[in-house]
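S.K.: Prediction below, plus the sequence it came from.
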Number of protein chains: 2
Amino acid sequence: MNNFTFWSPTCFVFGKDTETQAGALVKRFGGSRVLIHFGGGSALRSGLIDRVEASLKAEGLACFRLGGVKPNPRSGLVYEGIELCRKEKIDFILAVGGGSSIDSAKAIAAGAIYDGDFWDFYSGKRIEQALPVGTVLTIAAAGSEGSPDSVITKEEGMFKRGASGDAIRPKFSVLNPALTQTLPPHQTAAGITDIMAHLYERYLTNTPEVEVTDRLIEALLLTMIHEGPRVIADPDNYEARANIMWAGMMAHNNSCGVGRSQDWNSHNIEHELSALYDCAHGAGLAVTMPAVFTYVMDHDVMRFAQAAVRVWGCQMDFAHPEVTAREGIEKLRSFLVSIGMPRNFEELGAREEDVPALVQALCRGDGREGSISGFVTLNEEDCEKIYRLML
Amino acid sequence: MNNFTFWSPTCFVFGKDTETQAGALVKRFGGSRVLIHFGGGSALRSGLIDRVEASLKAEGLACFRLGGVKPNPRSGLVYEGIELCRKEKIDFILAVGGGSSIDSAKAIAAGAIYDGDFWDFYSGKRIEQALPVGTVLTIAAAGSEGSPDSVITKEEGMFKRGASGDAIRPKFSVLNPALTQTLPPHQTAAGITDIMAHLYERYLTNTPEVEVTDRLIEALLLTMIHEGPRVIADPDNYEARANIMWAGMMAHNNSCGVGRSQDWNSHNIEHELSALYDCAHGAGLAVTMPAVFTYVMDHDVMRFAQAAVRVWGCQMDFAHPEVTAREGIEKLRSFLVSIGMPRNFEELGAREEDVPALVQALCRGDGREGSISGFVTLNEEDCEKIYRLML
């Protein structure tokens, strides 16, 4: 196991009706002039934004609204939010929504007190300072409610890139599973896929002797395999929603990823898909993961066999571990299809003729130098082959 | 799943040589006049206390030492520590050692800024304020490095009782698995048992639909079953020590216990044993747990069967789930014996003639009213039967 530091100071308030505590929580963590940042549509129509704002006003806090966050959140709205924060002397940002709203809020929080262009943080500069952020989560997926990470798409060039720093870890996150009950099935399934991807990206490691984190990751994958189909069959199943919501947080606050190298190639390869086609990140991952895993399987067959046996219940083929390893990948693919996720480019709405452009953006875009690294380092030829496995 | 709040803001610095960061960490978390609180013996002889003190002094911090913490830490030294803190205007307490040193440090931290008797907190009053505490952990066992809990034995009457409060969660904990390599095998095994008990106490729940936390608990138990024998066979196995150390923290920071009722009857029943005989808490738990589980098994046979199948690899007897449930308990007992733990009163050094006194202290001592509650409520008759199952 590698040396590591783990610090996850977010206060999680979990359960039914917990969004009514938003005002008290913002106050506890020092906010007085609050930007409520959200997508729009369902959060507005359901009255959630009004309920949250009422909770803030009941504590005497000044409220400002900035809606309009889109899936795969864009840099344009971040710049707008930064301006608004400076103009209104905002001292706390409350994201209401899923990963997109939270990631956009984190970008605004970092940018509002930074003299340069906030995109610097998405080009490699670590975030050291930010306005405090809180969240009211409405989608179990991105894990951004407990993570120090944010992903934004730069409209100029449509590059999707991540930034990180303890300063953007939410001070608190309100997790009410009931708020996720109204999600369309496709979004629920995409969230499940994203959570499973966060687990696989940590599972694919080159660090030996990581039994405890292996087992924790497997536990969370087993949870998703049990609860995923239940919630697809019955969207109102609060208990299944609750288990998925906590698993989604645990999958990405890194308590199960410490002390080990991680992968993140599936995420990188997918980001170009959702940047170009504006598809759901989870849907893109459903197509990407089996292709990537099939391509890199030979790098560590026993690791994939371990997942197949421990997570997918396969019988180990001791004479031919690669058979078991492949069976585990196929079970993952079948599971994702069973909950309604696409299996290939066509179902995702991607086009074969875009492969060269995808490879170019992935391996050369925004300062990259011809490859991406993770469990295996992949050059342009590798990435082209992987995209073609998705056809 | 029940509603819950989870807040674990401790900064964990994990790995080789990390104790050299103690000074920088105390400074980061605001300390300037530091009480170094420890047991003595090995921590002094190995030079660890000197190394830690050197790290503090390098940051310009004033250091005061208070050693002498014993296993099952006593109230007497806590009172002494409180006096010292007031006299020397201590503003940070750094525990160096295992759960005993940390629990004693937490009690001092709460008592030093409290006008009344610190024992109030161990009689049910919640700890709301305390001096900041940091830890350098030398034993993987109690989980106190990441918990809001402390257990102290009151010398007058020899009652062993717990207190709790977010204010005594450590600001940071330094976890260097190499520091545990010099532990005698009995202490290592007792630590493994304590960690497993923290998991079982959470596993035994009356809350339905808790798949995610069930799976996380099972994952950590599987880790202990894999790594425990490895570290007993080879005490210098750093990797096994590392996996156990992180599992020990995760077992007790409550990330795997949220949203579910918990048991803690095995701990309560054991506390009277270690209070009376001054045995290792883990050794007492090794004798206590199989007896308690056997006694309460019928309350929820399927829960014990689930542990038997998922954790202990038993084949489910679908016609007779109680057979599988019992097999799981026997496998736990055999495992604990295999790592060197006692199996009964005699091996523990306890005496049959003390059973009435143990029951009296357990069910009537220090304000209790004839029973203890948890997974099952146990009255004096139940507790007597359970102690007699240990003979």
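M.R.: That came in fine, so what should we check first? As the structure is a prediction and not an experimental result, all values here were calculated from the model.
S.K.: and the residue of the stretch 51-200 of chain A found nearest chain B, what is it in contact with?
M.R.: Distances between the stretch 51-200 of chain A and chain B by CB to the nearest CB are smallest at residue A:177, namely 8.0 Å. Backbone N, C-alpha and C define where each C-beta goes, glycine included. Shown in contact with residue A:177 (CB atoms under 8 Å, 6 or more residues apart in numbering or on different chains): A:15-16, A:140, A:238, A:241-242, A:244-245, B:1.
S.K.: Please apply the same query to residue A:135.
M.R.: Taking CB under 8 Å, 6+ apart, we find residue A:135 in contact with A:94-96, A:101-102, A:105, A:144-145, A:170, A:172-174.
S.K.: One more pass at 6 Å, please.
M.R.: For residue A:135, the contact set (CB atoms under 6 Å, 6 or more residues apart in numbering or on different chains) comprises A:95, A:102, A:145, A:170, A:173.
S.K.: Filter these down to the ones in helices?
M.R.: Using DSSP state H, the subset of the contacts of residue A:135 located in helices is residue A:102.
S.K.: so can I have TSV of the contacts of residue A:135 showing neighbour count, pLDDT and distance to residue A:344?
M.R.: Shown next, in TSV, are the contacts of residue A:135 (neighbours: other CB atoms under 10 Å in any protein chain shown; pLDDT from 0 to 100; distance: CB to CB, whole Å):
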residue	neighbour count	pLDDT	distance to residue A:344
A:95	31	98	33
A:102	33	98	30
A:145	30	97	31
A:170	28	98	36
A:173	26	98	35
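S.K.: Neighbouring strands of the strand ranked longest in chain A in the sheet, and parallel or not?
M.R.: Identified as the longest strand of chain A according to DSSP state E is strand A:4-14. With DSSP bridges as the test, strand A:4-14 is paired with strand A:172-175 (parallel), strand B:4-14 (antiparallel).
S.K.: Correct me if wrong: residue A:205 contacts residue A:261.
M.R.: Yes - counting by CB atoms under 6 Å, residue A:205 does reach residue A:261; the two are 5.0 Å apart.
S.K.: Pick out whichever of those two has more residues nearby.
M.R.: Neighbours were counted for residue A:205 and for residue A:261 using other CB atoms under 10 Å in any protein chain shown; residue A:205 has more, 22 against 15.
S.K.: secondary structure class for the more buried one?
M.R.: coil (DSSP: H, G, I helix; E, B strand; the rest coil).
S.K.: quick one: contacts for it?
M.R.: By CB under 6 Å, 6+ apart, the contact set of residue A:205 is A:260-261.
S.K.: 10 Å - rerun?
M.R.: Taking CB atoms under 10 Å, 6 or more residues apart in numbering or on different chains, we find residue A:205 in contact with A:2, A:213-214, A:217, A:257, A:259-263, A:300, A:303, A:374-375.
S.K.: so how far is residue A:139 from it?
M.R.: 27 Å (CB to CB, to the nearest Å).
S.K.: Any idea what residue A:74 is bridged to?
M.R.: Residues in beta-bridge contact with residue A:74 (DSSP bridges): residue A:153.
S.K.: one step back: for the helix or strand just after the longest strand of chain A, packing partners?
M.R.: Remark: after strand A:4-14, the chain's next helix or strand is helix A:22-28, criterion DSSP states H and E. Applying 3 or more CB pairs under 10 Å, 6 or more residues apart in numbering or on different chains; DSSP states H and E, we find helix A:22-28 packed against strand A:4-14, strand A:33-38, helix A:48-57, strand A:92-97, strand A:133-137, strand A:172-175.
S.K.: residues in contact with helix A:22-28?
M.R.: A:11, A:13, A:18-19, A:21, A:31-32, A:34, A:36, A:51-61, A:63, A:91-94, A:96, A:132, A:134-136, A:171-174.
S.K.: which among the residues you listed end up buried?
M.R.: For the contacts of helix A:22-28, a neighbour count by 16 or more other CB atoms under 10 Å in any protein chain shown gives the buried set as A:11, A:13, A:18-19, A:21, A:31, A:34, A:36, A:52-53, A:55-56, A:59, A:61, A:63, A:91-94, A:96, A:132, A:134-136, A:171-174.
S.K.: Show me the domain layout of chain A.
M.R.: Chain A breaks down into these domains under automatic domain parsing: A:11-179, A:185-389.
S.K.: Before we move on, what's the pLDDT of residue A:278?
M.R.: For residue A:278, the model assigns a pLDDT of 89.
S.K.: got a pLDDT number for the closest residue to it other than its chain neighbours?
M.R.: Distance criterion CB to CB, 6 or more residues apart in numbering or on different chains; nearest residue to residue A:278, sequence neighbours excluded, is residue A:72 at 6.0 Å. We note a pLDDT of 87 for residue A:72 in this prediction.
S.K.: Measure how buried residue A:72 is and give me the count.
M.R.: Residue A:72: 22 surrounding residues under other CB under 10 Å.
S.K.: residue contacts, the closest residue to residue A:211 other than its chain neighbours?
M.R.: For residue A:211, ignoring the flanking residues on the chain, the nearest one in space by CB to CB, 6+ apart is residue B:243 at 4.7 Å. Residues counted as contacts of residue B:243 (CB under 10 Å, 6+ apart) are A:1, A:209-215, A:259, B:140, B:177, B:220, B:223-224, B:226-228, B:230-231, B:237.
S.K.: And residue A:125, by the same measure?
M.R.: By CB under 10 Å, 6+ apart, the contact set of residue A:125 is A:110, A:114, A:116, A:118-119, A:163, A:165.
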